[in-house]
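Asks: Turn this into a structure:
(chains A and B)
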Amino acid sequence: AQSVTQLDSQVPVFEEAPVELRCNYSSSVSVYLFWYVQYPNQGLQLLLKYLSGSTLVKGINGFEAEFNKSQTSFHLRKPSVHISDTAEYFCAVSGTMYSGGGADGLTFGKGTHLIIQP
Amino acid sequence: NAGVTQTPKFRVLKTGQSMTLLCAQDMNHEYMYWYRQDPGMGLRLIHYSVGEGTTAKGEVPDGYNVSRLKKQNFLLGLESAAPSQTSVYFCASSTQGTEQFFGPGTRLTVL
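Replies: Sure thing, here's the model as predicted:
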């Protein structure tokens, strides 16, 4: 079984400032990691994913995340945010194909509400 | 290519009523999922399916049933709705080892 902790329920940031949204996970097997974004009254859209390979992953809309296995973290970063980045961000984890997981759903964190202030 | 679609978008039920939520995907994905989203709780897995004719329980299955008679469809049923089932329901689909693609959600209120 896996678990995900998003350390901040809400992060206020000024426009054009950098931001980091924190995510830690717990798992007894190898994992895949994901960040999803949810704009108001919409479904979830994938920002980026870590499946294997380079630990620095680049996604859409200028976001990136770094997988740190020793610290079991997958923090999301953006160097300069815009008003349009205001949304709920979810970190999620699943087991890998090789650890017998991947088919039985994602485990989500509780979400971080990113608030961009003008 | 519509991706993942959900029907209906909104629904209000009275306690004890039943209903079925329909999820359809046109990406030929093997795996399909139902989640519920509640404020401050993130998304929690209700049931999932790894192929036509198969279903399995997730984290919060009580009070729900599912069926996957066709590969492209995944139905979520509430036999006797309760106020605790007021939530936003999301369907998702995937192939193993890739990300899940989500539908737009169904907002359900049980009075």
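
Asks: rest of the way, CA atoms for contacts and neighbours
Replies: Noted.

Asks: burial count for the nearest residue in space to B:S49 that is not next to it in sequence?
Replies: The shortest distance from B:S49 to any non-neighbouring residue, by C-alpha to C-alpha, 6 or more residues apart in numbering or on different chains, is to B:T55 (4.3 Å). Using other C-alpha atoms under 10 Å in any protein chain shown, B:T55 has 19 neighbouring residues.

Asks: Could you list which residues are in contact with B:T55?
Replies: B:T55 is in contact with B:47-49, B:66-68, counting by C-alpha atoms under 8 Å, 6 or more residues apart in numbering or on different chains.

Asks: Which members of those are positioned in strands?
Replies: Counted as lying in strands by DSSP state E, out of the contacts of B:T55, are B:47-49, B:66-67.

Asks: A:H75: what secondary structure?
Replies: strand (DSSP: H, G, I helix; E, B strand; the rest coil).

Asks: From the chain's centroid, how far away is the helix or strand harbouring A:C91?
Replies: According to DSSP states H and E, A:C91 maps onto strand A:87-95. Relative to its chain's centre, strand A:87-95 lies at 5 Å (C-alpha atoms, centre = their mean, to the nearest Å).

Asks: nearest residue to A:K58 other than its sequence neighbours?
Replies: Spatial nearest neighbour of A:K58, chain neighbours left out: A:E64 (4.3 Å); criterion: C-alpha to C-alpha, 6+ apart.

Asks: who's B:T20 bridged to?
Replies: Here B:T20 sits in beta bridges with B:G77, going by DSSP bridges.

Asks: what's around it, how many residues?
Replies: By the criterion of other C-alpha under 10 Å, B:T20 has 15 neighbours.

Asks: distance of B:T15 from B:L21?
Replies: From B:T15 across to B:L21, the span is 17 Å (C-alpha to C-alpha, to the nearest Å).

Asks: Spell out which residues of chain A are next to chain B.
Replies: Proximity of chain A to chain B (C-alpha under 8 Å from any C-alpha of the partner chain) is limited to residues A:34, A:42-46, A:49, A:51, A:90, A:96-97, A:102-111.

Asks: out of the residues you listed, which are buried?
Replies: Burial by neighbour count, judged by 16 or more other C-alpha atoms under 10 Å in any protein chain shown, picks out A:34, A:43-46, A:49, A:51, A:90, A:96-97, A:102-111 from the residues of chain A next to chain B.

Asks: related to what we said a few turns ago, compare B:T15 and B:L21 (neighbour count), which wins?
Replies: Shown here are B:T15 and B:L21; by other C-alpha under 10 Å, B:L21 has more neighbours (21 against 15).

Asks: Let me know the pLDDT of the residue in chain A that chain B sits nearest to.
Replies: Closest contact between chain A and chain B, by C-alpha to the nearest C-alpha, is at A:K110 (3.9 Å). If you check A:K110, the pLDDT there is 96.

Asks: Check the one 5 residues further on too.
Replies: Model confidence at A:I115, given as pLDDT, is 96.

Asks: Just the mean pLDDT for stretch B:49-68, thanks.
Replies: Here stretch B:49-68 scores 94 as its mean pLDDT.

Asks: cool, and stretch A:25-39?
Replies: Stretch A:25-39 carries an average pLDDT of 92.

Asks: Show me what counts as buried in that stretch.
Replies: A:25, A:30-38.

Asks: Over to it now: how far is its first residue from its last?
Replies: End-to-end distance for stretch A:25-39: 24 Å, by C-alpha to C-alpha.

Asks: Need the contact partners of it.
Replies: For stretch A:25-39, contacts defined as C-alpha under 8 Å, 6+ apart pick out A:1-5, A:44-52, A:72-74, A:76, A:86-96, A:99, A:102, B:99.
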